[in-house]
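> Here is a sequence together with a model predicted from it:
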Amino acid sequence: MVSRLPPGEAFYDVLHRRRDVRAEFTGEPVDDAVLHRILGAAHAAPSVGMSQPWDFVLVRDLATRQRFRDHVLAERAVFADELTGERAETFSRIKVEGILESTLSVVVAYDPERGSPAVLGRHAIADAGLYSVCLAIQNLWLAATAEGLGVGWVSFYREPFLRDLLGMPDRVRPVAWLCLGPVTRLAEVPDLERHGWRDRLPLEAVVHAERYPEEADAATRRIASAERSTSASVVDQFDTDTRR
Ligand SMILES: Cc1cc2nc3c(=O)[nH]c(=O)nc-3n(C[C@H](O)[C@H](O)[C@H](O)COP(=O)(O)O)c2cc1C
């Protein structure tokens, strides 16, 4: 079939429509053939030394999802306890998971033993294996978006808890719990922006010529310290500074 879109346009459309989803899952099941295509897209990701160090655990069991959600809500409370003032108030309005709203979760794991001991390209950078898993996740996320589905990444968990829950060996790292399913819609604006937690930085703030700029380093540290503070006005001021 000949596409009527200019080259690349369909891809960029999917890329920009992709959202992290929490509240918009309909609770309908994911079609098996669609799921197979999405997992195939994840498995087509590049990986260091062709190690393909990922595994995808499909979790549908309600009891397992409920146990995980209880744990996530406890970790949400741990994070909330670290916040004060405007940050605490803003965070209280933000939903961080859609574990029970969706009917399927895909847990993506990293096995550092896959393809070892001689993983070509990982000898100097151990994290390259983890990077590969993240690329598989991004492929999955974009494929799901292209299929009209939503994905929500949940990271409010302790790795040992999730390892135990799913029977993973100690060497394996659970990298992501992804809620996956049909959605009522994909929001145009990310939830965290909509709630005033944090905005996407302008592209110019993160693209640099030739060398890593000292000013950007300083600006990053100033933003981090502002975000630790409880004052929204300080955060706004530093955000403004970095956008100049
Ligand atoms: C590594 C990673 C972990 C994340 N963990 C969570 C999470 O625990 N809960 C949540 O609601 N969103 C989580 N997100 C989603 C981000 O909040 C979201 O990507 C960001 O706000 C930008 O919004 P967008 O994905 O809709 O563009 C995570 C995203 C990434 C990449």
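Received the coordinates, thanks. Source: prediction; values computed, not measured.

> so where's the chain shaky on pLDDT?
Along the chain, segments meeting pLDDT under 70 span 1-4, 216-219, 221-244.

> need the residues of it near the ligand, please.
19-20, 22, 96-97, 153-156, 190, 192 (Cβ under 6 Å from any ligand atom). (Each C-beta comes from the backbone N, C-alpha and C, glycine too.)

> Which ones among these map onto helices?
Counted as lying in helices by DSSP state H, out of those, are L192.

> For PyMOL, what selects the buried ones among the residues of the chain next to the ligand?
Buried members of the residues of the chain next to the ligand, defined by 16 or more other Cβ atoms under 10 Å, are picked up in PyMOL with:
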select buried, resi 19+20+22+96+97+153+154+156+192
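
> Need the max-distance pair from the residues of the chain next to the ligand.
Using Cβ to Cβ, the residues of the chain next to the ligand span at most 18.3 Å, a distance reached by R19 and F156.

> And the protein, what are its domain boundaries?
Domain assignment for the chain by automatic domain parsing gives 11-196, 201-244.

> Out of these, which gets nearest to L5?
Of all these, domain 11-196 sits nearest to L5, with 7.9 Å by Cβ to Cβ.

> how long is that closest one end to end?
Length of domain 11-196, first residue to last, Cα to Cα, to the nearest Å: 29 Å.

> what secondary structure does the closest residue in space to W141 that isn't next to it in sequence sit in?
Distance criterion Cβ to Cβ, 6 or more residues apart in numbering; nearest residue to W141, sequence neighbours excluded, is V151 at 4.9 Å. Recorded secondary structure, V151: strand (DSSP: H, G, I helix; E, B strand; the rest coil).

> My guess is V151 contacts C179. True?
Yes - counting by Cβ atoms under 8 Å, C179 is a contact partner of V151 at 6.9 Å.

> what do these two both touch?
Counting by Cβ atoms under 8 Å, 6 or more residues apart in numbering, the common neighbours of V151 and C179 are V21.

> so which strand or helix has W141?
Assessed by DSSP states H and E, W141 sits inside helix 128-146.

> er, V106 actually
Secondary structure from DSSP H and E places V106 in strand 104-110.

> what pairs with that strand, and is each one parallel or antiparallel?
Partners of strand 104-110 in the sheet, by DSSP bridges, are strand 54-59 (antiparallel), strand 173-182 (antiparallel).

> got a list of contacts for it?
The contact list for strand 104-110 (Cβ under 8 Å, 6+ apart) reads 29-30, 35, 39, 42, 53-60, 65, 68, 99, 129-130, 133, 136-137, 140, 162, 166, 168, 172-181.
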